[in-house]
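Participant: here you go, sequence then predicted model.
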2 protein chains.
Amino acid sequence: MYRIGELAKVCEVKTDTLRFYEKHGLLAPSSRTESGYRIYTQTDADRLRFILRAKAVGFTLAEISELLSIELDKANWACADVKGLVDDKLSHVEQKIAELERFRRSLSSLSQACCGGPESAEHCSILEALETNCDQIRCENHRHDAKQTHKQ
Amino acid sequence: MYRIGELAKVCEVKTDTLRFYEKHGLLAPSSRTESGYRIYTQTDADRLRFILRAKAVGFTLAEISELLSIELDKANWACADVKGLVDDKLSHVEQKIAELERFRRSLSSLSQACCGGPESAEHCSILEALETNCDQIRCENHRHDAKQTHKQ
DNA sequence: CTTGACCTTAGATTTAACTCTAAGGTTTAT
DNA sequence: ATAAACCTTAGAGTTAAATCTAAGGTCAAG
Ligand SMILES: [Zn+2]
Ligand SMILES: [Zn+2]
Ligand SMILES: [Zn+2]
Ligand SMILES: [Zn+2]
């Protein structure tokens, strides 16, 4: 039996978070004291840990709600249903990774094209790429107009 | 010279977006008609394309504001400043990718541990992993209690 | 001269997951 | 018995980047 602050401490979340989960139907305390304080049982704590593990693999709270309703009524759901949720999430995550990979490659090209030195940005390859077309980044370092080479 | 709807069309954004960029200091039309309609010049259009290219490589609008203020006053900024913005963004993107990669690996393990069949989820490896510890996923397929093997 | 496409504004709504605030009641220890 | 720590509620604020709404003004064509 835990009060909200105790459960929050053992699970390393804030009391606000537990009230938020309750408001959103993810986790309600099994009972209340006469004065209205929330009382969580071990079962409640286990449910919270389920939620936190699901969060740790990337599920949103809406998805976790689905998982919890399956968890509470396993007999009426199939492995296919559970795996479906996981696979949907997996492909979503893979899509997001692909987008970020595109960002990473573009940024990396931009970075490599710029000397990063103390010279004026008037001829910075990064700015030039953004002015014209990011696909056409000249990956060799740009030259600043002065005859002197870049300071190292 | 474009009116808002024309510029929106050639750059494939919504008029709402252009008004939003104006409200947030990213792009203001060079003038207005007597009746208040926005008039964008070619320079304005170029600035919009700069913004859109920067978005395409992952910069937020706040970061794009910084880039734009450098772009408008290149002589007083160094390559180092520009490259710094790019490198900060790059490491941020890499961090985000790393997190999503952890999600991807966990989800992939979960997916592989589940038969995905029409059998009851009572012994689903995915749910068991979320109940106990996601790090200890048995990657061989679980067995359902019935003697019959899973339907293919 | 009216229809329809386009434009104006300010402000509300969306999404996700909290986080914070204000104003007050309860428990526990000293 | 009083102070500190804890609890309660409803509701507002945060972040990012739009997107939508309402109520109304402008302009070209037929
Ligand atoms: Zn340089
Ligand atoms: Zn440079
Ligand atoms: Zn199965
Ligand atoms: Zn399963």
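Facilitator: That came in fine, so what should we check first? Ligands and ions are numbered 1, 2, ... in the order given.

Participant: which ones are touching whatever residue of chain A ends up closest to ligand 3?
Facilitator: Residue of chain A nearest ligand 3, by Cβ to the ion: A:Cys79 (3.3 Å). Yep, even glycine has a C-beta here, placed from its N, CA and C like the rest. When contacts are counted by Cβ atoms under 8 Å, 6 or more residues apart in numbering or on different chains, A:Cys79 touches B:Cys114, B:Cys115, B:Gly116, B:Gly117, B:Pro118, B:Glu119, B:Ser120, B:Ala121, B:Cys124, B:Ile126.

Participant: secondary structure class for the fifth one?
Facilitator: Reduced to three states with DSSP: H, G, I helix; E, B strand; the rest coil, the structure at B:Pro118 is coil.

Participant: tally up the residues packed near it, please.
Facilitator: By the measure other Cβ atoms under 10 Å in any protein chain shown, the count of residues near B:Pro118 is 11.

Participant: check what pLDDT the residue nearest the centre of chain A gets.
Facilitator: Nearest residue to the geometric centre of chain A (Cα atoms, centre = their mean): A:Gly58, 6.7 Å. What the model reports as pLDDT for A:Gly58 is 96.

Participant: for B:Arg47, see how far away the closest residue to it other than its chain neighbours is.
Facilitator: Closest residue to A:Gly58 apart from its sequence neighbours, by Cβ to Cβ, 6 or more residues apart in numbering or on different chains: B:Phe103 at 3.4 Å. According to Cβ to Cβ, to the nearest Å, B:Phe103 and B:Arg47 sit 37 Å apart.

Participant: what's the answer for A:Leu107, then?
Facilitator: Distance, A:Leu107 to B:Arg47, by Cβ to Cβ: 21 Å.

Participant: do the same with A:Glu22
Facilitator: Using Cβ to Cβ, we find A:Glu22 at a distance of 48 Å from B:Arg47.

Participant: and those two? Which one has more around it.
Facilitator: Regarding A:Glu22 and B:Arg47, a neighbour count based on other Cβ under 10 Å identifies B:Arg47 as having more, with 21 against 14.

Participant: can you name the residues that contact the more buried one?
Facilitator: By Cβ under 8 Å, 6+ apart, the contact list for B:Arg47 reads B:Leu27, B:Leu68.

Participant: stretch A:86-102 near DNA strand C at all?
Facilitator: No. Using Cβ under 7 Å from any atom of the strand, stretch A:86-102 stays clear of DNA strand C, coming no nearer than 11.1 Å.

Participant: let me see the backbone angles for A:Arg38.
Facilitator: Main-chain dihedrals, A:Arg38, degrees, to the nearest 10: phi -70, psi 140.

Participant: follow-up on the earlier one: could the contacts of A:Cys79 go into a markdown table alongside distance to B:Cys11 and pLDDT?
Facilitator: Formatted as a markdown table, the contacts of A:Cys79 follow (distance: Cβ to Cβ, whole Å; pLDDT from 0 to 100):
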| residue | distance to B:Cys11 | pLDDT |
| --- | --- | --- |
| B:Cys114 | 46 | 95 |
| B:Cys115 | 50 | 94 |
| B:Gly116 | 45 | 94 |
| B:Gly117 | 50 | 94 |
| B:Pro118 | 50 | 96 |
| B:Glu119 | 53 | 93 |
| B:Ser120 | 54 | 95 |
| B:Ala121 | 49 | 96 |
| B:Cys124 | 49 | 96 |
| B:Ile126 | 45 | 97 |
